[in-house]
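J.: how would this look folded up:
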Amino acid sequence: MSEVSTLPTIQQLNNESRDTFLAVVNTLFETAPPLADKLLAARPYTSYLNLIETGEQICLGDNLSESEKLEVINAHPRIGESSGKLSAMSLKEQGYKSAQQAVSAEDQKVNSRLAELNKEYEDRYGFKFVVFVAGRPRKDIIPVIEERIKSNDKEAELKTGVVDMMLIARDRLKKLEAVSPKM
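T.: The predicted model follows:
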């Protein structure tokens, strides 16, 4: 699914075609069809924050089946994923300059450890580990994922993943608002 580099006004977004609406939503959420379709159906929005809050309510409420919630969480890229598999926003959030950036030996070691931990997490819970990186180096995420694996609480982890997904969306919104025409 495509991404956008600037945001239309919320009034424009409310009237956009399905494809354009979904491109904007995908930029904010890296969303899966169950969430994207429900957000599309819930138009109009009063603001982008209202859109994100609606997404959070959809994901945390009874609006999605268990399998749909997993599809939404699993639409996010893995932390430490190969840079070629990340969206433009995820590249920046995970500290890459570009998809072609050479990876240092230390980064390779960190990414290898994260791959092991991602697998362990996914084997335990049945969905991807999602965390709001907030500019932290990938190596700083290792103790976070280790701790969340130890919690052994699937329901809490799913909720934490959704909450972090919404923190990511809010952060992306701030960054996009800075480069978008006045909304």
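
J.: So what's the gap between stretch 32-48 and the chain middle?
T.: Distance of stretch 32-48 from its chain centroid, counting by Cα atoms, centre = their mean, to the nearest Å, is 16 Å.

J.: mind listing what's buried in that stretch?
T.: In terms of neighbour count (16 or more other Cβ atoms under 10 Å), stretch 32-48 has its buried residues at Ala32, Pro34, Leu35, Ala36, Lys38, Leu39, Tyr45, Tyr48. In short, each C-beta sits where N, CA and C put it, glycine included.

J.: Return it as PDB; C-alpha atoms alone will do.
T.: Provided in PDB are the C-alpha atoms of stretch 32-48 (Å, rounded to 0.1, in the frame of the first residue of the first chain):
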ATOM      1  CA  ALA A  32      -4.400  -3.700   7.600                       C
ATOM      2  CA  PRO A  33      -7.700  -3.800   5.800                       C
ATOM      3  CA  PRO A  34      -9.900  -4.500   8.800                       C
ATOM      4  CA  LEU A  35      -8.900  -1.200  10.500                       C
ATOM      5  CA  ALA A  36      -8.600   0.800   7.200                       C
ATOM      6  CA  ASP A  37     -12.100  -0.300   6.100                       C
ATOM      7  CA  LYS A  38     -13.700   0.600   9.500                       C
ATOM      8  CA  LEU A  39     -11.900   4.000   9.500                       C
ATOM      9  CA  LEU A  40     -13.100   4.700   5.900                       C
ATOM     10  CA  ALA A  41     -16.700   3.800   7.000                       C
ATOM     11  CA  ALA A  42     -16.500   6.100  10.000                       C
ATOM     12  CA  ARG A  43     -15.900   9.300   8.100                       C
ATOM     13  CA  PRO A  44     -16.200  12.200   8.500                       C
ATOM     14  CA  TYR A  45     -13.500  13.200  11.100                       C
ATOM     15  CA  THR A  46     -13.100  16.500  12.900                       C
ATOM     16  CA  SER A  47      -9.300  16.200  13.000                       C
ATOM     17  CA  TYR A  48      -6.500  13.800  12.400                       C
END
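
J.: Where is pLDDT lowest across the buried residues of stretch 32-48?
T.: Note: of the buried residues of stretch 32-48, the lowest pLDDT belongs to Ala32, at 86.

J.: Tell me which residues touch Glu106, please.
T.: With contact set as Cβ atoms under 8 Å, 6 or more residues apart in numbering, Glu106 has these partners: Lys139.

J.: of the buried residues of stretch 32-48, closest to Ala115?
T.: Nearest to Ala115 among those, counting by Cβ to Cβ, is Ala32 at 22.1 Å.

J.: quick one: Pro44 and Gln12 touch, right?
T.: No - using Cβ atoms under 8 Å, Pro44 makes no contact with Gln12, being 11.0 Å away.

J.: quick one on the thing from earlier: mind picking the two most distant members of the buried residues of stretch 32-48?
T.: Pro34 and Tyr48 (20.3 Å).
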